[in-house]
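Trainee: structure for this input, please:
(chains A and B)
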Amino acid sequence: MSSHTNNNVDIHDTENYDPTTWVPKVESHGTKDIWGRFWILSFLTIADIVAYFVWPPSMSRNIFFIVMGVLKAWFIVGTFMHMKHEHKKLGYMIILPMAFIIFFLFWMMYEGNFWGTI
Amino acid sequence: MSTQTISKSSTWGGGNSPFNVSYGKLMMWVFLLSDAFTFSSLLIAYGAIRYSYDSTPIEQIDALELKFAENVQEKFAPDVAETASHAATTLEHGAEHAAEHAEHFIPALRELGVFTEAQWPSPDLVFNHFPFAHGLHLPLIFVSLMTLILILSSVTMVLGVEAGQQGNQKAVSKWMLLTIIGGFMFLGCQAWEWTNFISAGARMWSNPYGPPAFAALFFGVTGFHGFHVFSGVVLNIIIYINNLKGTYAKRGHYEMVEKVGLYWHFVDLVWVFVFTFFYLI
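Mentor: Okay, the predicted model is just below:
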């Protein structure tokens, strides 16, 4: 994720921080990546629509759609939200709790099936 | 700016930024995480409630598609000829057709036994409209267009952030303006979708297509998301005006653009999952 090797970042470092606000100086990463992600996201959405029409409804199809959603989220968070270029620890703080939530999504959808039979 | 003497060796001892981001940006991430929990709880509830009902059987969907095809031949084809000859009254015809659709078509399908309160309707039977294509069965097309609009506005937003990182004030203005337009387009589409669903007879407490929970969850979740989009557009407008006034150029950095951009991408991210749950599953 991050190219910073030093974990302890000193905010009094005027080379990497704005000396009046102590906001980390950011570098531009170019626009090629952004358009690449746009095409990937469009492709994944089209793949979703194709799957919707060719694959009869089933729980495995739902799991496929959620996995596709997570893939799209990966590209949006990674490139559009610049998570790739952030400090690794920040990424873990955000992504780990969401991993549990995604599991919970699968779980409750599956359990809902049995509510009528309890 | 701190004047204390601080040990630089301790990550969490204060005086340094363990995540190497500013306080504002870190707090935006924390807020987005908490907001993601809120949306997840709504989607988890949707998944569980949706699967506590049986689904509309496939054979009935096929029968319904045939019925739609007949409807197109009987009602839509003459309508096209008529509409072509009275181009000025196209909109009126559209409104009439929508009213007819809501009054006769859905009750007819209910008599066919397609929609019952015990069965969760297949979303492609409910959200199958497209502007200026009255009476045609076009599932997923409109909502895919909405998805494309939101993804494109995410792209223009991130291009704005990129321009800010290069300190290019004019480019930031251009991309922010495009993002705002994308936001309004999405809100317009959502208003159209709601209008269709409401004019078909759906309310928070009742739903002509099946279980009332379907409508309640649809209005609840897309409404909550739509309000986020609206707030995002308002924030984008504030940033746009600030940038025109040169606030960020004076400040020396465009971090505000980036922070509001994070919120805007989050709104796009939530839509990806709303699309997955309400229209695909």
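
Trainee: show the average pLDDT along stretch B:160-178.
Mentor: Average pLDDT, stretch B:160-178: 95.

Trainee: now the residue in the stretch 101-250 of chain B positioned nearest to chain A: how far from B:Ile181?
Mentor: Taking Cβ to the nearest Cβ as the measure, the stretch 101-250 of chain B has B:Gln165 as its residue closest to chain A, at 4.2 Å. The C-beta positions use only the backbone N, C-alpha and C, and glycine is treated the same way. Distance, B:Gln165 to B:Ile181, by Cβ to Cβ, to the nearest Å: 22 Å.

Trainee: and the two? which has more neighbours close in?
Mentor: Neighbour count, other Cβ atoms under 10 Å in any protein chain shown: between B:Gln165 and B:Ile181, B:Gln165 has more, with 20 against 15.

Trainee: give me the low-pLDDT residue ranges for the stretch 101-250 of chain B?
Mentor: B:101-114, B:134-137 (pLDDT under 70).

Trainee: can we see that at 90?
Mentor: B:101-141, B:196, B:199-202, B:206-210 (pLDDT under 90).

Trainee: ditto for chain A
Mentor: Confidence mapping of chain A against pLDDT under 90 gives the ranges A:1-33, A:53, A:55-59, A:84-87, A:109-118.

Trainee: how about B:Gln166, phi and psi?
Mentor: Phi and psi for B:Gln166, reported as degrees, to the nearest 10, are phi -90, psi 0.

Trainee: going by secondary structure, the residue nearest the centre of chain A is in what exactly?
Mentor: With distances taken as Cα atoms, centre = their mean, chain A has A:Trp74 as the residue nearest its mean C-alpha position (2.9 Å). Here A:Trp74 is covered by helix A:59-75, with elements defined by DSSP states H and E.

Trainee: roughly how far is that helix from the heart of the chain?
Mentor: The chain centre lies 12 Å from the centre of helix A:59-75; the measure is Cα atoms, centre = their mean, to the nearest Å.

Trainee: OK, contacts around the nearest residue in space to A:Leu90 that is not next to it in sequence?
Mentor: Using Cβ to Cβ, 6 or more residues apart in numbering or on different chains and skipping the chain neighbours, the partner closest in space to A:Leu90 is B:Phe19 (4.2 Å). B:Phe19 makes contact with A:86-87, A:89-90, A:93, B:26 under the criterion Cβ atoms under 8 Å, 6 or more residues apart in numbering or on different chains.

Trainee: and those, which of them are buried?
Mentor: A:86-87, A:90, B:26 (16 or more other Cβ atoms under 10 Å in any protein chain shown).
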